[in-house]
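Participant: What follows is a predicted protein model with its sequence.
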Amino acid sequence: MTAVALRERGRGYDVVILGGGVAGSVLAARLSEDPARTVCLVEAGPDHGADWRSWPPKLLDARALPRDDVWERRTEVHRIRARVLGGSSCVNGCWHTWGSAADHEQWAGAGGPRWSAAAMEPYRQKAVRQMRLRSVPEREFNSFSRAALAAARELGYPEVDMGTSGGPGCGTPLINALDGVRWNAAFAYLAPARTRSNLTILADTLADRLVVRDGRVRGAEVVVDGRRETLTADTYVIACGAFGSPGLLLRSGLGPTADLRRYGIQPEADLPGVGANLTDQPGVFVPLTPTPELNAALAAKEKAGELYVSRMLVRAASAVCSDGTDLHILPSAGNPLFGSLPPGEYEAGISAFLMKPASRGTVRLRSADPTTPLDIDPAFLSDPDGRDLAALRSGLEIVERMAATAALEPLAGPPSGRPSRDLTDDQLRARLGTYWHPVGTCAMGRPGDPLAVVDGEARVRGVSNLRVADASVLPTVPAANTQLPVLALAELLADVLKEAGA
Ligand SMILES: Cc1cc2nc3c(=O)[nH]c(=O)nc-3n(C[C@H](O)[C@H](O)[C@H](O)COP(=O)(O)OP(=O)(O)OC[C@H]3O[C@@H](n4cnc5c(N)ncnc54)[C@H](O)[C@@H]3O)c2cc1C
């Protein structure tokens, strides 16, 4: 929609959703089901259209992680996030797992019974159906992932269903790749909704700030075609993701007062939790040396167009895990995630990811200008008790044992370089990557919780017509990949908004 058309909509909308990523797509689709409700979805990135065949091939190819349509190029790896309608579902690894009962206990403790495992189950199922999630087809396995499953069994891990809660075990994720096409949230949720006359999608439109006065949002200032416009609505929903949502709140004067003043922003509500509590899942990749036979088998898979880097995982409990599981052990073999190798050579290895880290980072502004990149510090392995380091070392022990199994050893030699158990803490830190699952920067919590930004119904404290509904509201990260939990929470919050008469 053009800026002119935008101005012509002067009467405003029932609901404006800022951020057209995973959660924003779900909310826009569900809230526009009622033709009497007008909904406007605002996305900073492009809309590649209703027909998936017209999308850029790189965003469709489920065999690789694209680096197009992102907020920052050539940046630190933990900062990567999508800027496109459909959000990070357009650039992600396509696989889905569900956490443990302990996750829901933490969320229900913060947000009430709606967040219990039983209450969220129908929303998990709804998301699985709508995203067309399915188990990995046999042909997508390669000899390494097949051997890795055997290796996990050799270590005593039972096969488990990774799409539901449970204890330690091995198995395959649910995936949203259909014949190699990454089936993103824009396809799954927005494509069927686009023809509705009550749904407006504004792509290439940057949400700068909300105009807040006397505890109410009066408008959303957006930048479109280089010009500033104000959108008005009865209800505003922020869904800009774990980095973008705190950024938008802070620019709107909703955050820690001292920080806001530093950037010349007039405080409208003192919310110390905005941008605090950033929780992401770090991990370490342990490289193995593929045998010529493994390289040849992977080359054959690539020639057949069926080379997927990883298709199985182990859900494990570290030596310091007190409840549920806290590790993903992820064998992978194929083209490297970063850089490239000569033709016919591939990267193989096993990663250990911390699923329930204790460390907490921050998202802060560097300026009030919405085009200035945010200050994002994941503060990996910074917890004062050293629990995260201990859990990581425990995970790396499992990696070593797995690499030495009768099933895997014939395919890939021992880790190159120093064994991970001999690495110092600083050396481990230098090798950290991320699973790209940030949450927690606008966390929900009970009324007395000083860091709570929203309540269990996603209402922002101190602002009557504003909600946040995306990964940022989860107070703790699940012991899972986050896309399915975010899809489920957005389905849940769409119902909450409908009940509230939004
Ligand atoms: C590289 C990568 C790989 C991943 N792999 C997996 C995986 O395999 N499995 C899994 O479960 N999860 C994975 N994830 C995580 C998963 O994609 C996220 O949990 C999920 O996308 C979070 O949804 P969200 O709606 O909170 O944020 P997003 O999907 O990131 O959506 C936020 C949207 O808001 C828009 N936005 C932000 N700021 C503004 C603004 N100011 N104005 C307008 N629009 C704005 C963004 O452009 C974006 O489209 C991965 C993530 C990344 C980055």
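Facilitator: Cool, got the structure.
Participant: and the residue in the chain positioned nearest to the ligand, how many neighbours?
Facilitator: Across the chain, the shortest distance to the ligand (CB to the nearest ligand atom) belongs to G21, at 1.7 Å. The C-beta positions use only the backbone N, C-alpha and C, and glycine is treated the same way. Neighbours of G21 under the rule other CB atoms under 10 Å: 31.
Participant: Same check on D375?
Facilitator: With other CB under 10 Å as criterion, D375 counts 13.
Participant: That one and V363 touch, don't they?
Facilitator: Yes. Using CB atoms under 8 Å, D375 is in contact with V363, at 7.2 Å.
Participant: coming back round to it: what's near enough to touch the residue of the chain closest to the ligand?
Facilitator: E43, A82, G86, G87, S88, S89, A185, A239, C240, G241, D470 (CB atoms under 8 Å, 6 or more residues apart in numbering).
Participant: again, only using 10 Å
Facilitator: 43-45, 81-90, 184-186, 239-241, 244, 470-471, 486, 490 (CB atoms under 10 Å, 6 or more residues apart in numbering).
Participant: near the ligand, from these?
Facilitator: 43-45, 81-84, 87-89, 239-241, 244, 470-471, 486 (CB under 6 Å from any ligand atom).
Participant: residues bridging contact with D375 and V363, i.e. touching both?
Facilitator: Residues touching both D375 and V363 (CB under 10 Å, 6+ apart): G247, G275.
Participant: Can you point out the buried residues in stretch 338-346?
Facilitator: Under the neighbour-count criterion of 16 or more other CB atoms under 10 Å, stretch 338-346 has Y346 buried.
Participant: Looking at the ones next to the ligand among the contacts of G21, which are in helices?
Facilitator: G241, G244, V486 (DSSP state H).
Participant: before we move on, back to that, buried subset of the contacts of G21?
Facilitator: 43-45, 81-90, 184-186, 239-241, 244, 470-471, 486, 490.
Participant: which stretches of the stretch 51-200 of the chain have low pLDDT?
Facilitator: Within the stretch 51-200 of the chain, not a single segment meets pLDDT under 70.
Participant: Okay, helices next: where are they in it?
Facilitator: Ranges of helices in the stretch 51-200 of the chain, per DSSP state H, counting those that start in this stretch, are 57-60, 101-111, 117-130, 143-154, 185.
Participant: One more: the stretch 301-450 of the chain?
Facilitator: Counting by DSSP H, counting those that start in this stretch, the helices of the stretch 301-450 of the chain are 387-403, 425-430.
Participant: Mind checking those for the one nearest to S322?
Facilitator: Counting by CB to CB, S322 lies closest to helix 387-403 out of the helices of the stretch 301-450 of the chain; the figure is 9.9 Å.
Participant: Okay, buried residues for the closest one please.
Facilitator: Neighbour-count burial for helix 387-403, with 16+ other CB under 10 Å as criterion, is recorded at 387-389, 391-396, 398-400, 402-403.
Participant: Could you list the residues of the stretch 351-500 of the chain in contact with the ligand?
Facilitator: Where the stretch 351-500 of the chain comes near the ligand, counting by CB under 6 Å from any ligand atom, the residues are P370, W436, H437, D470, A471, N481, T482, Q483, L484, V486.
Participant: how about the closest residue to P450 other than its chain neighbours, what does it touch?
Facilitator: Excluding the flanking residues, the one nearest P450 by CB to CB, 6 or more residues apart in numbering is P272, at 6.1 Å. P272 makes contact with G255, P256, T257, A258, D259, P450, L451, A452, V453 under the criterion CB under 10 Å, 6+ apart.
Participant: Throw those residues into JSON lines and include distance to R429 and pLDDT, thanks.
Facilitator: Formatted as JSON lines, those follow (distance: CB to CB, whole Å; pLDDT from 0 to 100):
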{"residue": "G255", "distance to R429": "29", "pLDDT": "98"}
{"residue": "P256", "distance to R429": "27", "pLDDT": "98"}
{"residue": "T257", "distance to R429": "33", "pLDDT": "96"}
{"residue": "A258", "distance to R429": "30", "pLDDT": "94"}
{"residue": "D259", "distance to R429": "27", "pLDDT": "94"}
{"residue": "P450", "distance to R429": "30", "pLDDT": "96"}
{"residue": "L451", "distance to R429": "26", "pLDDT": "97"}
{"residue": "A452", "distance to R429": "31", "pLDDT": "98"}
{"residue": "V453", "distance to R429": "29", "pLDDT": "98"}
